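> Got a predicted structure here, sequence first:
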Amino acid sequence: MDFEVLIPITFFLCVTYAIKAFVDARARSKLLASNTSEELLRSLVKSEELQGRQASLRWGVVLTSLAVGFALIESFGWNDVTPGAIAVLLGATGVGNIGVYMIARKNQQQSS
C-alpha cells in the first residue's frame with residue numbers, strides 16, 4: 001500500500017475537522033456573548049446532543065450492515081469486484097439507512 005497517498009488525505013481530514021471545530025466554537029461563543037434566553041441555549045444544546053446520538057446511530061447501523069454485506073461477499077467466494085458484489089454493498093448500505101430511519105421514527109413516536 002502506498003502510504004505516500006495516505007499522508008495528504010489524513011492531513012486534509014485533520015485540517016477540515018480543525019476548521020469545523022473552530023467555526024462551531026466561535027459560533028457558540030458568539031451565541032453566548034449575545035443576550036439570548038437560557039431556554040434557547042438549552043434547546044440548542046439538547047438538539048446538538050440529539051444530532052450527535054443520531055449520527056452515531058446512523059454510522060453504527062450502516063457500518064454493521066456493510067460488515068454483513070462484506071461477510072456475504074466473502075461467504076459467496078467473490079474475489080473480484082463485480083456488479084453483484086457492488087450491489088450487495090449498496091443494498092447493505094440501503095438496508096442500514098432504512099434501519100436507522102425506522103429506529104429513529106420509533107423513538108420519535110415513543111417520545112411524543
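Happy to help now that I have it. Residues are numbered from 1 along each chain as shown.

> so what does the helix or strand harbouring residue 71 touch, helix or strand wise?
Using DSSP states H and E, residue 71 sits in helix 38-76. Secondary-structure packing of helix 38-76 (3 or more CB pairs under 8 Å, 6 or more residues apart in numbering; DSSP states H and E): helix 3-33, helix 83-111. Using the backbone N, CA and C atoms, a C-beta is placed for each residue, glycine as well.

> Going by neighbour count, list what's buried in it.
Buried residues in helix 38-76, counted by 16 or more other CB atoms under 10 Å: 58, 61, 62, 65, 66, 69, 73.

> pLDDT of it, averaged?
Average pLDDT, helix 38-76: 87.

> now the angle between helix 3-33 and that helix, please.
Helix 38-76 and helix 3-33 meet at an angle of 160 degrees, taking axes from the mean of the first three to the mean of the last three CA atoms, to 10 degrees as the criterion.

> can you pull the contacts of residue 71?
Neighbour list for residue 71: empty [criterion: CB atoms under 8 Å, 6 or more residues apart in numbering].

> how far away is it from residue 86?
Residue 71 sits 16 Å away from residue 86, going by CB to CB, to the nearest Å.

> State the phi and psi torsions of the residue in the chain sticking out farthest from the centre.
Residue farthest from the centre of the chain, counting by CA atoms, centre = their mean, is residue 35 at 32.8 Å. Main-chain torsions, residue 35, degrees, to the nearest 10: phi -90, psi 80.

> ok, it to residue 41 distance?
Counting by CB to CB, the gap from residue 35 to residue 41 is 11 Å.

> Give the helix, strand or coil label for residue 80.
At residue 80 the chain is in coil, as set by DSSP: H, G, I helix; E, B strand; the rest coil.

> That concludes my questions; thank you for your assistance.
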